[in-house]
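Visitor: Quick one, fold the following:
(one chain, ligands or ions: 1)
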Amino acid sequence: MIDIFVPLATGWLLDAVVETDSGQRMDQIWRELAVFLLLVVLFICCRNSLTLITNRISAKAMMELAKQSFAKIQRLSSDWHANTFSGSTVRKLTRGMWAFNAATETLAFGIFPAVLVSVGIVAVFAYNWLILGVLVFVGIALFTACSILLAVKWVAPANAAAQEVDSQVSGLISDAISASSIVKSFAAEEREDRHLADLVERWRAGAMKAWDRNAYTSLIQAAILIILQAGLLAGGIWLWSRGMASAGDIVMIVATQALFNGYLRDIGLHVRNLQRALSEMQDLVDLERAIPEITDLPDAQPIVVERGHIKFENVTFRYRGNAAPLYKNFSCEIQPGEKVGLVGASGAGKSTFVKLIQRMYDPESGRILIDGQDISSSTQSSLRSIIGHVPQDAILFHRSLRENIAYGRPDAAHNEIIAAAHQAHAHAFIEKLEAGYDTVVGERGLKLSGGERQRVAIARAILSQRPILILDEATSSLDSISERYIRDAIETIAKGRTTIIIAHRLSTVKSLDRILVFDRGVIVESGSHAELLQLKHGYYRQLLKNQEDSTDQRELAVQ
Ligand code: ADP
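Guide: Here you go, the predicted structure:
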């Protein structure tokens, strides 16, 4: 609003200069000059205050956005994470945060002042010369309508398409980099290069289209502005020729043009920036709206587990998108402290069994009870805090080994961490590392071998002291020493706990209390190793024979 008065003050100053023909009127000029300078200083002060205010708002809001989105992402289902590129999500999050900043700045410094200035200029012109007021109003309305229409209907879709490919590029890069060891082992660098080349070619075409549309829009806007300027100037000169405007008024018209040129020329840019920022923020909104498939009931209670008794009662479960359910009226019971091995061909439903216990998914019907409490009416955090899980491919954080082991109990004392590492047979190899427990393992623990990683994961589970333990045996062939260490560690950790082991090597399950043999979502046999061997045409026997045969073949091949 201060800016609107600057051209007026310029005009007054010029009129004062023109009209001054004697030294007596000099004080008038000084006064007009003082008004002009005061306006300029006031304008700078206001603008800078606004900058300081928006700085605070933006920084705080971006911080909140980061915290809120991260919290949300962490709580989305395993399915969501399995189906979403982590690289794209990271990009969407950071891009959305900065988009918020762009939107605030655009509104505070672009659109809001432009609207005010436009209204002010129309009012000033209409007050002095109605005809010019109408001309400015029509010109500004036409310019704004064109700018917004083009930005929203023409430029924005091209921007959104380019942005989508932009996220895919980030996703592909992070996917290939995180799987770099596989890329290398298959000497597939060129193939990955080509993948990226195809995608960035699509990105280039999309980005160029969006940028070109931006450029054409600017051209159309410039044309409208030139026509408006020409009309205003011609009108001003016409009024001056008829004695209805002074020389100062002409200067005011020229100065006003410079003013709204600045504000209006950028309004198209601001609308486009706002549009882009909003569509970038849309990703965060979508994220915020994504429904965590598993939610706590309003009256969910923390689960209390002392014994670790697990019971599946007529559970029917189907993965989303699958025609047939994997489990139909599935029932099964695991006694407190029992050590149970799950075996069966790949895809038989072993992992799903443990995922259901952890409530990564909800069954269609039936109940899963732990110590008599239905897990669907317990809080998820309490449920997961009673289950220790050693995954097949132990994932470690890019943090020190100490922090990795203490992840389940961050307040654990150093000697407890060492004791857990001892029990997991991890202490010896950690001691040999240069920085010992302070060694930072590479991203996802890549600096350690598979066997070492799994022992660290076991130490983590030992330290967290959960009453129920789920162990997914590593499928990767471990060297026999690692394998023995791990088997030892499992025996230590399993003591006094209900333990479920998904076994890929049948040698692991021989010493367990009971073996559940899975086949296509059904437990076809259940019993100890010795009992199952008694079954003449048993499935377990068959599996054992197959595995022994393939081991023999491997050994023969080695020989
Ligand atoms: P196992 O652990 O015995 O190898 P799983 O429990 O992982 O078997 O899988 C059982 C079946 O469910 C398989 O046919 C698998 O393809 C299917 N399945 C597993 N996870 C999903 C999923 N997220 N979405 C759809 N189907 C799945």
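Visitor: so how many other residues sit close to Glu473?
Guide: Other residues near Glu473 come to 22 when the count uses other Cβ atoms under 10 Å. Where you see a C-beta, it was placed from the backbone N, CA and C, and this is true even at glycine.
Visitor: So Val315 belongs to a strand, correct?
Guide: Yes. Counting by DSSP: H, G, I helix; E, B strand; the rest coil, Val315 is found in a strand.
Visitor: Any figure for the gap between it and Leu369?
Guide: Separation of Val315 from Leu369 (Cβ to Cβ, to the nearest Å): 10 Å.
Visitor: Show me which of these two is the more surrounded one.
Guide: Taking other Cβ under 10 Å, Val315 and Leu369 do not tie; Val315 has more neighbours (22 against 15).
Visitor: pLDDT score for Ala255?
Guide: Looking at Ala255, its pLDDT is 87.
Visitor: That should have said Val558, apologies.
Guide: Per the predicted model, pLDDT is 47 at Val558.
Visitor: So the most centrally placed residue in the chain: helix, strand or coil?
Guide: In the chain, the C-alpha nearest the mean C-alpha coordinate belongs to Thr89, at 3.4 Å (Cα atoms, centre = their mean). Of the three states, Thr89 takes helix under three-state DSSP.
Visitor: and it, what is it in contact with?
Guide: 73, 287 (Cβ atoms under 8 Å, 6 or more residues apart in numbering).
Visitor: tally of neighbours for the residue nearest to Asp488 when sequence neighbours are not counted?
Guide: Spatial nearest neighbour of Asp488, chain neighbours left out: His425 (6.3 Å); criterion: Cβ to Cβ, 6 or more residues apart in numbering. By other Cβ under 10 Å, 22 other residues sit near His425.
Visitor: Likewise for Ala9?
Guide: The local packing of Ala9 (other Cβ under 10 Å) involves 20 other residues.
Visitor: What strand or helix carries it?
Guide: Assigned by DSSP states H and E, Ala9 falls within helix 2-19.
Visitor: Point out where the protein drops to low pLDDT.
Guide: The model of the chain has pLDDT under 70 over residues 20-25, 443-446, 474-482, 550-559.
Visitor: Strands of that one, residue ranges please.
Guide: Ranges of strands in the chain, per DSSP state E, are 310-317, 327-334, 339-344, 365-370, 373-374, 387-390, 468-472, 498-502, 514-519, 522-527.
Visitor: centre of the chain versus the helix holding Ala9, how much separation?
Guide: Centroid separation for helix 2-19 versus its chain: 53 Å, with Cα atoms, centre = their mean, to the nearest Å.
Visitor: Of all the residues in that helix, which ones are buried?
Guide: By 16 or more other Cβ atoms under 10 Å, the buried positions in helix 2-19 come out as 2-17.
Visitor: Trp240: what's it in contact with?
Guide: So Trp240 contacts 246-247, 249-250 (Cβ under 8 Å, 6+ apart).
Visitor: Looking at neighbours, which among those residues is most surrounded?
Guide: For these, neighbours were counted using other Cβ under 10 Å, and Asp249 has the most, 20 neighbours in all.
Visitor: who are the neighbours in contact with the closest residue to it other than its chain neighbours?
Guide: Take Asp249 and drop its neighbours on the chain: the residue closest to it by Cβ to Cβ, 6+ apart is Gly11, 5.8 Å away. Contacts for Gly11 (Cβ under 8 Å, 6+ apart) come out as 246, 248-249, 251-252, 255.
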